[in-house]
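> All I have is the shape, not the residue letters:
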């Protein structure tokens with residue numbers, strides 16, 4: 001793997017190299033970020049008045065940047081969603097143990113559903129501890145082996161079994177999180193197994209965020225893709241519980257949580273019935289709606305039917321749990337500044353003139369609800385994915401100031417690492433592998449939806465080796481944002497931000513995109529990567545040489 005990573009970080013032979021990026025407009029990025037993250041936009045929740053304002057603003061911003069409407073003469077791609085808001089949530093109770101437990105909504109647990117139904121009632125459901133809740137045949141791992149959980153409530157752990165491994169070797173990539181470690185997978189697998197409910201035990205380190213993030217992200221309106229069956233094949237309820245409450249539950253069942261959690265890390269672990277029963281109920285306010293991706297294009301001058309894709313999600317959490325009287329999660333860094341970068345990139349590329357290939361700019365909806373906007377685009381592409389060369393995704397550009405490096409998310413996966421490395425060389429900077437691969441960032445933003453369809457996408461984060469203060473300053477700034485602003489009302493626009501680092505990073509995105517758009521190569525995933533076969537099949541179907 002190390003050889004593959006090193007090889008991928010070399011420039012790809014034959015690719016067209018743009019000159020250094022032109023100055024990316026800081027004023028444009030400031031204006032867009034300040035506007036989108038203002039209270040007037042109410043946190044930009046899909047389906048809200050904030051969405052209407054966001055769409056109107058972005059259509060104007062894209063047009064002023066020089067883009068043309070990207071979806072058959074329209075700026076918008078319809079994304080059918082269902083908004084589900086849990087109301088009248090009862091405590092989550094566990095009975096049958098030595099001591100009954102009653103977990104309060106928000107403080108001790110969060111719960112919701114994907115089912116489009118007015119009422120959920122899980123009553124006296126047998127509780128089973130299913131370890132990490134993973135079924136991975138290719139790894140010889142099955143936490144549900146020999147277990148029938150139909151109608152039962154499963155308790156599972158977050159992340160992968162080997163997340164505490166110091167290196168990157170192990171059944172699940174060692175410290176690096178795989179998709180099996182994500183909460184979305186835990187919900188999906190429990191549903192496939194027929195469980196009535198699934199509850200994840202929250203632990204800050206393997207989850208990569210504190211309980212405050214779990215609470216703020218799961219106590220307002222949730223969104224799911226509209227589906228003919230109303231998602232009735234999903235679990236009736238899903239959610240999280242605090243670690244201390246899990247320990248109390250296991251103790252009431254005569255079990256030791258820490259011992260069973262340790263046992264769950266070993267292949268061959270057998271699920272453990274706890275001998276208690278779970279109950280929870282809540283009503284659902286249901287609202288079907290059409291949200292929207294915003295799509296603009298700069299047509300190519302020679303190969304207009306080949307496309308380079310640039311994306312950022314426009315949505316955030318809307319109204320959320322108040323902190324010090326502030327109940328709007330404005331999402332200035334996450335991800336108003338990413339959308340601002342998208343607009344500024346459109347502006348810079350339009351000013352530079354048409355590239356050889358077309359460049360597509362997509363502001364995506366419902367990322368915070370589970371990458372729904374990008375998933376819809378992947379399933380219903382405006383431009384054929386077999387003809388999409390590759391692209392880049394921008395999410396939460398950090399206001400740390402200039403850095404000597406960038407953090408590459410998912411290094412060693414595709415030949416796009418070569419494009420990034422070439423652009424970094426022109427800036428005199430370096431690529432740094434993820435310092436916290438256990439957080440699974442590769443699976444937490446919209447590039448993942450395109451990757452699943454075979455499209456190579458590059459995604460990196462602001463480096464932490466800062467010009468002012470070095471690594472210590474960068475790590476402190478990242479920790480401060482995660483603990484105090486991420487998915488919280490405090491993620492607000494600050495007129496005192498230092499934009500020089502963001503401008504530097506957006507310059508990298510410009511060079512990567514322009515190199516792709518002016519080139520003739522078709523970058524692929526590296527041999528052995530999980531998405532390589534999908535890409536090969538897609539390109540072969542387009543009549544392209546591999």
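Looks like it came in fine. Keep in mind the model is a prediction, meaning the values are calculated, not measured.

> what element comes up after whichever strand or helix holds residue 461 heading to the C-terminus?
Assigned by DSSP states H and E, residue 461 belongs to strand 460-462. Sequence order places helix 470-484 as the next helix or strand after strand 460-462, per DSSP H and E.

> for that next one, what is the average pLDDT?
The average pLDDT within helix 470-484 is 93.

> Now do the next helix or strand after it against helix 470-484, angle only.
Next in sequence after helix 470-484, counting helices and strands by DSSP H and E, comes helix 500-518. Helix 500-518 and helix 470-484 are oriented at 90 degrees to each other (axes from the mean of the first three to the mean of the last three C-alpha atoms, to 10 degrees).

> what helices or strands is helix 500-518 leaning on?
helix 26-36, strand 303-313, helix 337-352, strand 357-364, strand 388-393, helix 416-427, strand 460-462 (3 or more C-beta pairs under 8 Å, 6 or more residues apart in numbering; DSSP states H and E). Where C-beta positions appear, they are placed from N, C-alpha and C, glycine not excepted.

> and these as JSON lines, adding distance to residue 291?
Listed next are the helices and strands packed on helix 500-518 as JSON lines, based on distance: least, C-beta to C-beta, whole Å:
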{"stretch": "helix 26-36", "distance to residue 291": "16"}
{"stretch": "strand 303-313", "distance to residue 291": "11"}
{"stretch": "helix 337-352", "distance to residue 291": "15"}
{"stretch": "strand 357-364", "distance to residue 291": "10"}
{"stretch": "strand 388-393", "distance to residue 291": "18"}
{"stretch": "helix 416-427", "distance to residue 291": "29"}
{"stretch": "strand 460-462", "distance to residue 291": "26"}
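
> right, and the ones you listed - which one's nearest residue 263?
Among the helices and strands packed on helix 500-518, strand 460-462 comes nearest to residue 263, with 34.9 Å by C-beta to C-beta.

> Direction included, what does that closest one pair against?
Paired with strand 460-462 in the same sheet, following DSSP bridges, are strand 405-408 (antiparallel).

> Now tell me what touches the partner strand from outside.
Strand 405-408 is contacted from outside by 417, 420, 424, 429-435, 460-465, 505, 508, using C-beta atoms under 8 Å, 6 or more residues apart in numbering.

> How about stretch 100-109?
Contact with stretch 100-109 is made by 89-94, 111, 199, 215, 219, 239-242, 245, 248-249, 252, 321, as judged by C-beta under 8 Å, 6+ apart.

> for this structure, what's the longest strand?
When the chain is scanned for its longest strand (criterion: DSSP state E), the result is strand 272-298.

> if we can go back for a sec, now restrict the contacts of stretch 100-109 to buried residues only.
Neighbour counting by 16 or more other C-beta atoms under 10 Å classes 89-94, 111, 199, 215, 219, 239-242, 245, 248-249, 252, 321 among the contacts of stretch 100-109 as buried.

> Tell me which of those residues fall in strands.
Here DSSP E is the test, and the buried ones among the contacts of stretch 100-109 give 92, 93, 94, 111, 199, 239, 240, 241, 321 as lying in strands.

> Include pLDDT and distance to residue 85 when you put those residues into a markdown table, please.
Converted to a markdown table, these look like this (pLDDT from 0 to 100; distance: C-beta to C-beta, whole Å):
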| residue | pLDDT | distance to residue 85 |
| --- | --- | --- |
| 92 | 98 | 18 |
| 93 | 98 | 22 |
| 94 | 98 | 25 |
| 111 | 98 | 13 |
| 199 | 98 | 20 |
| 239 | 98 | 14 |
| 240 | 98 | 18 |
| 241 | 98 | 21 |
| 321 | 86 | 14 |
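
> Show the buried residues in the contacts of strand 405-408.
Those of those that meet the buried threshold are 417, 420, 424, 429-432, 434, 460-465, 505, 508, by 16+ other C-beta under 10 Å.

> out of those, who's nearest residue 349?
Distance to residue 349, by C-beta to C-beta, is smallest for residue 508 among these, at 14.0 Å.

> contacting residues for the closest one?
Residue 508 makes contact with 21, 406, 420, 423, 424, 427, 460, according to C-beta under 8 Å, 6+ apart.

> Please tell me how far the third one sits from residue 96.
When distance is defined by C-beta to C-beta, to the nearest Å, residue 420 is 55 Å away from residue 96.

> same deal with the fourth one?
If you measure residue 423 against residue 96 using C-beta to C-beta, the figure is 60 Å.

> Report the buried residues of stretch 486-493.
Neighbour-count burial for stretch 486-493, counted by 16+ other C-beta under 10 Å, picks out 486, 487, 488, 489, 491, 492, 493.

> Does the last one touch residue 40 like I think?
Just to be clear, that refers to residue 493. No. If you go by C-beta atoms under 8 Å, residue 493 and residue 40 don't touch, sitting 12.0 Å apart.

> what's the neighbour count on residue 496?
Neighbours of residue 496 under the rule other C-beta atoms under 10 Å: 5.

> Could you report the separation of it from residue 30?
For residue 496 relative to residue 30 (C-beta to C-beta), the value is 11 Å.

> now residue 75
23 Å.

> These two: which is more packed in?
Using other C-beta under 10 Å, the more surrounded residue of residue 75 and residue 30 is residue 75, with 22 against 18.

> Give me the pLDDT for residue 177.
On the pLDDT scale, residue 177 is placed at 88.

> In terms of helices and strands, where is it?
Per DSSP H and E, there is no helix or strand for residue 177.

> Please list all residues in contact with the closest residue to it other than its chain neighbours.
Of all residues not flanking residue 177 in the chain, residue 440 sits nearest, at 3.1 Å (C-beta to C-beta, 6 or more residues apart in numbering). With contact set as C-beta under 8 Å, 6+ apart, residue 440 has these partners: 159, 176, 177, 178, 179, 181, 182, 208.

> what do you get if the cut-off is 6 Å, keeping everything else the same?
Counting by C-beta atoms under 6 Å, 6 or more residues apart in numbering, residue 440 touches 177, 181, 182.

> Same list, the residues you listed, but as CSV with distance to residue 542 please.
CSV is the format used below for the contacts of residue 440 (distance: C-beta to C-beta, whole Å):
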residue, distance to residue 542
177, 33
181, 34
182, 31
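
> Show me which of the residues you listed is closest to residue 263.
Distance to residue 263 across the contacts of residue 440 (C-beta to C-beta) is lowest for residue 181, with 17.8 Å.

> Would you mind giving me the confidence score for the closest one?
Per-residue confidence at residue 181 stands at 93 (pLDDT).
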